[in-house]
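Colleague: I'll drop the sequence and a predicted model, then ask my questions.
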Number of protein chains: 2
Amino acid sequence: MEENKHVTIYDIAERLNLATSTISRALKDHHTISDKTIKKVKKTAEEMGFVPNTLAAGLRGNKTKTIGVLIPTVTQPFLSSLISGIEITAQKSNYTVIIMQSHDSYEKEVDMAKSLYSNRVSGVICSLAMETKDTSHFKQFSNNNIPLVFVDRVPKDYNTFRVVIDNFSAGYKATKHLIDQGCKRIAHLTAGSEYGSLYNERKRGYVEALKDHDLVVDEDLIISLESFTYEEGVKASNQLFDLKDIPDGLFAPGDIIAVSAVQTAKKRGIKVPDDFAVIGFNNDPISQIIDPNLSTITHPAEKMGKASAEIIIKNLKSLKNEDAKEITFLNTEVLVRESSDKNKL
Amino acid sequence: MEENKHVTIYDIAERLNLATSTISRALKDHHTISDKTIKKVKKTAEEMGFVPNTLAAGLRGNKTKTIGVLIPTVTQPFLSSLISGIEITAQKSNYTVIIMQSHDSYEKEVDMAKSLYSNRVSGVICSLAMETKDTSHFKQFSNNNIPLVFVDRVPKDYNTFRVVIDNFSAGYKATKHLIDQGCKRIAHLTAGSEYGSLYNERKRGYVEALKDHDLVVDEDLIISLESFTYEEGVKASNQLFDLKDIPDGLFAPGDIIAVSAVQTAKKRGIKVPDDFAVIGFNNDPISQIIDPNLSTITHPAEKMGKASAEIIIKNLKSLKNEDAKEITFLNTEVLVRESSDKNKL
DNA sequence: GAGCGCTTCGCAATCGGTTGTGTAAAAATA
DNA sequence: TATTTTTACACAACCGATTGCGAAGCGCTC
């Protein structure tokens, strides 16, 4: 332990007068090594403070037991929960997690993809940057049989694993819930179309639900946000409340946005949920704390992380570029809380 | 790009009829290589889709440009911001970040420390697990001149870098602010003594401020929590409000706890801040959203992450185990918002 | 044109495990 | 006892980039 140099299997071999190959095999309970030798080697390794060098093993075996995670940011509750799920699963199989933040920049995403490849990760889990339209920087993984999983914000035209929720159905469910509460004029906030299909799907669900229940789709009630910040939410909410014909419900595709709407309503003396029922999305921690509690759609972040990691760990050995990759759909649920519960059930 | 095998410098060397050493040097603009050769090599490398193998370089050079981060969890706002700061700084110097969660378990922390060592990280940034009392599992880093930085939750008896805030002074400032608002009976929630010095320091600051202003320290107003959850906060708050002599202020060492107190007060018809002024800690996102807005103490998470990463990147070359390691103190500020602002300034 | 210095590059060892192949010795079978 | 099988281990190549050392090529000077 007081050494200033790493202890290697060579050191152990020398001490025990054995070959390094024997040490290596003994340490991993290889069947060609006798129990006696295995015990002796392990004991000595322990005594000498041996810690295997992952780099050497990775270099030789061309596998690193490392999962690369490439996401916009780690500070959003959804994404940090996603990481948590990945990390927990990885840990169980002795995998290491490397994390990189694209900050929603396409260029950074390209750089970091290269960096992950450079680190010879065993697999990659990615949630795309807002800016990203071209996904060719992921081909290096596909071409080298490095499993690639897209989560949540996924490209539509890429044959690889995907772990997602059914955003259409989630949007439908959320909207239907408001309709069931008696709302007739339901507003919806969404993201610019360039932000990919995710928000469009939710919007599609919203529109479909309205149509199915013979409600008009009023374009005035659909506002597209630049970004999903509290301030943007306030701005949009005020825009809604400034209409002649004010909405009586809102489906917001994010809890922060929903909260901003609830609070803006309160400030303007509009009662939530009686005059204005709100449902958010994600089930962020804040949704349970805010007053009134926020109804929301669960977004199983940690489960999605676990599922993604499991795909990678399972698919390490056999998979070919051409093979069709499955899409994993995870469930969402409507979580009814105060902000949309007109009937106080 | 269509290869199924990684392109190596050997492949480039063969193509150009040069030695691998020349390729290696050319790629990093070594001065002994002519500009012409450098250009040619880089162009070919690009064409062939060469991506350096970090493992090989790391193995040979015994340096990996990797920072290991070992923290309780990634899902707390403070810690995910810390990670963000680390990652941003690392990125600038082309470092990679490996993240592991101890989930506040001592055993996991020991395991993961070994795993980080096994990965031959260039440096380690750690915020200790709640359970951790013995820190000998970090000696492997110190003994091998791998820079080690403790952040926020740090051991007191370990000679290594530390990045912290002055918790005593923060506690003092928070309490003094309440006193300035006219509070006479200020409660304080804290963590069990086994949770290390951090919360004790805040408490010390609290006590000191009371004494300095001739207020009595009432043990009934100091409650030690098992864990920092919303529910625990509610329980403690109710305990406070059940006293004959109710407090008129609260310093909570975390925003979640503070929010739970504010909401519990509201439920019981106690007016915040008039009857009960509250100040939290951390400046979590929720503090600005909750109604009334929560006064709090800023906890510069991202800055702390940046500072930690910088220490590691700077200290890679020359430092010896015996050298004294500096402690970096970062500033905190009192952020006065509605929950403690009796004078509506 | 011999000597000197500088530029440019090749050779080969090295980092530390992993693993296919080879070979003794021990055990089992004939 | 001879032969086959099994056990237990050693040898050495290998993964891919790095780097100290050596040497060839070139221009220059005297």
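Modeller: In hand now; what should we look at?
Colleague: find the closest residue to DNA strand C in the stretch 101-250 of chain A.
Modeller: Residue nearest to DNA strand C within the stretch 101-250 of chain A (CB to the nearest atom of the strand): A:Arg120, separated by 12.7 Å. Heads up, the C-betas are built off the backbone N, CA and C, glycines and all.
Colleague: tally of neighbours for that residue?
Modeller: The tally of other residues near A:Arg120 (other CB atoms under 10 Å in any protein chain shown) stands at 22.
Colleague: now the residue lying closest to it once chain neighbours are set aside: how far from B:Ile83?
Modeller: Among residues not flanking A:Arg120 along the chain, A:Thr64 sits closest, at 5.2 Å (CB to CB, 6 or more residues apart in numbering or on different chains). Separation of A:Thr64 from B:Ile83 (CB to CB, to the nearest Å): 21 Å.
Colleague: compare the two and say which is more crowded by neighbours.
Modeller: Counted by other CB under 10 Å, A:Thr64 and B:Ile83 do not tie: B:Ile83 has more neighbours, with 26 against 23.
Colleague: and the closest residue to that one other than its chain neighbours, how far from A:Lys266?
Modeller: Nearest non-adjacent residue to B:Ile83, counting by CB to CB, 6+ apart: A:Val74, 5.1 Å away. Separation of A:Val74 from A:Lys266 (CB to CB): 31 Å.
Colleague: compare neighbour counts for these two and give me the winner.
Modeller: A:Val74 (25 against 15).
Colleague: now do the contacts for the more buried one.
Modeller: Counting by CB atoms under 8 Å, 6 or more residues apart in numbering or on different chains, A:Val74 touches A:80, A:83, A:99, A:101, B:74, B:80, B:83-84, B:87.
Colleague: closest to B:Lys176 among those?
Modeller: B:Lys176 has its nearest neighbour among these in B:Ser80, at 30.1 Å by CB to CB.
Colleague: the closest one - how many residues pack around it?
Modeller: 26.
Colleague: again, but for the one 10 residues further on
Modeller: Summarising burial for B:Ala90: neighbours were counted as other CB under 10 Å, giving 27.
Colleague: what does the one 10 residues further on give?
Modeller: Summarising burial for B:Met100: neighbours were counted as other CB under 10 Å, giving 24.
Colleague: A strand includes it, no?
Modeller: Yes: counting by DSSP: H, G, I helix; E, B strand; the rest coil, B:Met100 is found in a strand.
Colleague: does it touch A:Ile98 like I think?
Modeller: No: in this structure, B:Met100 is not within contact of A:Ile98 by CB atoms under 8 Å, at 10.9 Å.
Colleague: before we move on, the earlier item: among the contacts of A:Val74, which lie within strands?
Modeller: Taking DSSP state E, the ones among the contacts of A:Val74 that sit in strands are A:99, A:101.
Colleague: check contacts around the residue lying closest to A:Gly171 once chain neighbours are set aside.
Modeller: Spatial nearest neighbour of A:Gly171, excluding adjacent residues (CB to CB, 6+ apart): A:Gly205 at 2.6 Å. Each residue near A:Gly205 by CB under 8 Å, 6+ apart is listed here: A:167-175.
Colleague: name the residues linked to the nearest residue to A:Pro300 once chain neighbours are set aside by a beta bridge.
Modeller: Among residues not flanking A:Pro300 along the chain, A:Leu330 sits closest, at 5.0 Å (CB to CB, 6+ apart). In this entry, A:Leu330 is beta-bridged to A:Ile165, by DSSP bridges.
Colleague: and A:Leu330, how many residues sit next to it?
Modeller: 18.
Colleague: equivalent analysis for A:Asn94, please.
Modeller: A:Asn94 sits with 11 neighbouring residues when counted by other CB under 10 Å.
Colleague: report the secondary structure state of it.
Modeller: coil.
Colleague: can you give the domain ranges for chain A?
Modeller: Domain assignment for chain A by automatic domain parsing gives A:9-52, A:64-165+A:301-330, A:167-299+A:334-340.
Colleague: mean pLDDT and distance to B:Asp212 added to the ones you listed, as a markdown table?
Modeller: Below are the domains of chain A laid out as a markdown table (pLDDT from 0 to 100; distance: least, CB to CB, whole Å):
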| stretch | mean pLDDT | distance to B:Asp212 |
| --- | --- | --- |
| domain A:9-52 | 93 | 50 |
| domain A:64-165+A:301-330 | 92 | 37 |
| domain A:167-299+A:334-340 | 95 | 34 |
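Colleague: for DNA strand D, which of the ones you listed is the nearest?
Modeller: Once the domains of chain A are compared by CB to the nearest atom of the strand, domain A:9-52 is nearest, at 3.0 Å.
Colleague: do that closest one and chain B meet?
Modeller: Yes: under the criterion of CB under 8 Å from any CB of the partner chain, chain B is reached by domain A:9-52 at A:49, A:51-52.
Colleague: ok, and the closest non-adjacent residue to the most centrally placed residue in chain A?
Modeller: By CA atoms, centre = their mean, the mean C-alpha position of chain A lies nearest to A:Leu82, the distance being 4.4 Å. Sequence neighbours aside, A:Gly305 is the residue nearest to A:Leu82 in space, at 4.3 Å (criterion: CB to CB, 6+ apart).
Colleague: residues in contact with that neighbour?
Modeller: A:81-89, A:125, A:151.
Colleague: switch the cut-off to 10 Å
Modeller: Contacts for A:Gly305 (CB atoms under 10 Å, 6 or more residues apart in numbering or on different chains) come out as A:69, A:79-90, A:97, A:125, A:151, A:163.
Colleague: so of these, which ones are in helices?
Modeller: A:79-90 (DSSP state H).
Colleague: and the gap between the residue of the stretch 51-200 of chain A found nearest DNA strand D and DNA strand C?
Modeller: Proximity of the stretch 51-200 of chain A to DNA strand D (CB to the nearest atom of the strand) peaks at A:Arg60, 3.2 Å away. Plainly put, A:Arg60 is 3 Å away from DNA strand C if you go by CB to the nearest atom of the strand, to the nearest Å.
Colleague: so that residue belongs to a helix, correct?
Modeller: Yes: residue state for A:Arg60 (three-state DSSP) corresponds to a helix.
Colleague: pull up the residues of the stretch 1-150 of chain A that are close to DNA strand C.
Modeller: Contact residues, the stretch 1-150 of chain A versus DNA strand C (CB under 7 Å from any atom of the strand): A:5-10, A:20-21, A:24-25, A:27-28, A:50, A:52-53, A:56-57, A:59-61.
Colleague: only the buried subset of those, as a PyMOL command please.
Modeller: Restricted to buried positions by 16 or more other CB atoms under 10 Å in any protein chain shown, the PyMOL selection for these reads:
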select buried, chain A and resi 6+7+8+9+24+25+27+50+52+53+56+57+59
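Colleague: what about the residues of the stretch 1-150 of chain A next to DNA strand C, which are in strands?
Modeller: Going by DSSP E, the strands hold none of these.
Colleague: A:Met100 bridge partners, please.
Modeller: Residues in beta-bridge contact with A:Met100 (DSSP bridges): A:Leu70.
Colleague: doesn't A:Ser118 make contact with it?
Modeller: No: between A:Met100 and A:Ser118 there is no contact under CB atoms under 10 Å: 11.6 Å.
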